[in-house]
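Visitor: Have a look; sequence and predicted model below, questions after that.
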Amino acid sequence: MKKAILAAVMLAAIPFAALADDDDDAKPEAGLGLAGLLSKSNRETLPELTLSAGQPVSKAPLTLKSGKYYTLKIEADGSQELALEGAGFFRAIWINEIVIEGIEIRPLGVDSLEFDEAGEAEISFVAIKPGSYHLKVPGSTGETQQVAITIE
């Protein structure tokens, strides 16, 4: 009986032994590392978004891939109290953390980020739900006051 239990435990351990060589620095074509979706090979830094009175929020639309881990930096110059809202986008991603002045926040949900003065926030997240979304300055109607985001 003991031999049967030992054999079952050893057979169950085989898949884990195969993963032991799977480091976090694996090439994308080799698959994800032990950290899964959070592996270094699955990370990408997006172009910075800017909040400034009368200036475009982004230089171009963003195209993301579902299942990929992203970092997005948002910088406000303090020229005006401005926010970015996008409840639909925030519901289509899993937010790992939002970092503001070195303080890491791990929220369950976000509707918007508002900057009362100059500063920056960095959001790290995994894109989940494919679709077309926007992050925009609330109350604005201009195309330059928003960034179109597509998750494929």
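Guide: Great, that's in hand. Residues are numbered from 1 along each chain as shown.
Visitor: pLDDT below threshold where in the protein?
Guide: With pLDDT under 70 as the threshold, the chain has low-confidence stretches at 1-30.
Visitor: Okay, domains of it per the record?
Guide: 1-36, 46-151 (automatic domain parsing).
Visitor: All the helices of this structure, residue numbers only.
Guide: Taking DSSP state H as the criterion, the chain carries its helices at 2-19, 87-91.
Visitor: Give me the helices and strands touching the last one, please.
Guide: Just to be clear, that refers to helix 87-91. Judged by 3 or more C-beta pairs under 8 Å, 6 or more residues apart in numbering; DSSP states H and E, helix 87-91 is in contact with strand 131-136. The C-beta positions use only the backbone N, C-alpha and C, and glycine is treated the same way.
Visitor: And the strand it packs on, how far out from the chain middle?
Guide: 14 Å (C-alpha atoms, centre = their mean, to the nearest Å).
Visitor: how about that strand: buried residues?
Guide: 133, 135, 136 (16 or more other C-beta atoms under 10 Å).
Visitor: swap in stretch 79-90?
Guide: In stretch 79-90, counting by 16+ other C-beta under 10 Å, buried: 82, 83, 84, 85, 86, 89, 90.
Visitor: correct me, but the second one touches residue 112?
Guide: Yes. Assessed by C-beta atoms under 8 Å, residue 83 is found in contact with residue 112 at 5.1 Å.
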